[in-house]
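**Student:** just a sequence and a predicted model for now, questions to come.
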Amino acid sequence: MYPQTGPPPTYPGRSPYPDGHAQPQYQTYDPGYPSEEELEPYRPSIVGVPWSVFLAWLQQAWAPGQHLAIIGPTGEGKTTFVVGILGLRQWVIALDPKGEDETLAASGYIRITSLPLPGNLRNRIAAGEPARIVVGGPSRTDAEKAALQRLMRDAIQMVREQGGWTLYVDEFQILADVRMFGLGKPIEELLISARRNRSSVITSFQAPAWVPRASTRQAWGTLILPTRDINMIKSVAESMGRSWQELASAIKQLPQFHGLFIPKSIHAPMLLVNPPQVD
Ligand SMILES: Nc1ncnc2c1ncn2[C@@H]1O[C@H](COP(=O)(O)OP(=O)(O)OP(=O)(O)O)[C@@H](O)[C@H]1O
Ligand SMILES: [Mg+2]
């Protein structure tokens, strides 16, 4: 289903830059997926859970200040999974560096293109009402591009200062890339400091090698979506303290749009989940 060699996946949708230079030249090396025989001895411990049961579990287990990492090739359902779980959180900021991610657009969140937050939103939050926000605007000109970069930086800073938020960092590789947003360091610092102020950070990205390691190292849970990239599987297994062969064996059996949720506790089973489509 996935090419084993060749160029890395490209980001769909409109380029965040007016000149179309949105495609970082990442190098990938895929030595090939292990065969059935090689994986035969490894029997992963997996529990398939209906989405409602997964949400009920997450509701009590996922404490504010605990981070998640969502990893998968483009179009496999990273944003769909995250939108599905963000309903559990009252105060959500989703960073949309691509400007108009369709799944985020379908989430129904309020889009803001500048900070500080407008008064009506601040009042709602002060009254304890939920607020789910997408942060991101157009980037067709150099001025818009610079404004978008400032906006992303300000949103990260706001979460650091205020606490209590769940920040969704969609497409972390675009935000971290120094040739693009160059925000890897502030997000890494946020991952480390956010626990204290009870903010959770969810990062989603296409490969662990493309983002600062803190993203997987600091994660309380990781979701991995179907992939043939064995280096990616090894890297995720290593950061979550799991056997890569077990993880590879489990991922090989994943149907489309199903993900494996890997809890940080190495004795807990991995959970097979299938979020609903965002519409
Ligand atoms: N669990 C699901 N059930 C049904 N359809 C899904 C599911 N997850 C994703 N899809 C479909 O795949 C498309 C891409 O999903 P999504 O935007 O969540 O992927 P992504 O991994 O975030 O992709 P990108 O790299 O483009 O951001 C969606 O528009 C939706 O049609
Ligand atoms: Mg996405």
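**Tutor:** Cool, got the structure. Ligands and ions are numbered 1, 2, ... in the order given.
**Student:** hey, let's count contacts and neighbours off CA atoms from now on
**Tutor:** OK.
**Student:** so residue 159 touches residue 153, yeah?
**Tutor:** No. The criterion here is Cα atoms under 8 Å, and residue 159 misses it with residue 153 at 10.1 Å.
**Student:** give me the more crowded residue out of those two.
**Tutor:** Neighbours per residue, other Cα atoms under 10 Å: of residue 159 and residue 153, the larger number sits with residue 159, 22 against 18.
**Student:** around ligand 1, which positions in the protein sit nearby?
**Tutor:** Contact residues (Cα under 6 Å from any ligand atom) of the chain with ligand 1: 12, 74-80, 103, 257, 274-277.
**Student:** recalculate using a threshold of 8 Å.
**Tutor:** Residues of the chain that fall close to ligand 1, judged by Cα under 8 Å from any ligand atom: 11-13, 72-82, 101-104, 170-171, 204-206, 256-258, 274-278.
**Student:** where does this structure have low pLDDT?
**Tutor:** Low-confidence segments of the chain, defined by pLDDT under 70: 1-31.
**Student:** please enumerate the helices of it.
**Tutor:** Taking DSSP state H as the test, the helices found in the chain are 36-39, 51-61, 78-86, 102-106, 119-126, 142-162, 172-176, 184-193, 214-217, 230-240, 244-252.
**Student:** how about TSV for the ones you listed, with distance to residue 265 added?
**Tutor:** Listed next are these as TSV, based on distance: least, Cα to Cα, whole Å:
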stretch	distance to residue 265
helix 36-39	23
helix 51-61	12
helix 78-86	20
helix 102-106	30
helix 119-126	33
helix 142-162	27
helix 172-176	24
helix 184-193	19
helix 214-217	13
helix 230-240	8
helix 244-252	15
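**Student:** out of the ones you listed, which one sits most buried?
**Tutor:** helix 172-176 (a mean of 25; mean count of other Cα atoms under 10 Å).
**Student:** do you know how far the residue sitting nearest the centre point of the chain is from residue 78?
**Tutor:** For the chain, residue 204 is the residue whose C-alpha lies nearest the centre (Cα atoms, centre = their mean; 1.7 Å). Noted for residue 204: a distance of 7 Å to residue 78, by Cα to Cα, to the nearest Å.
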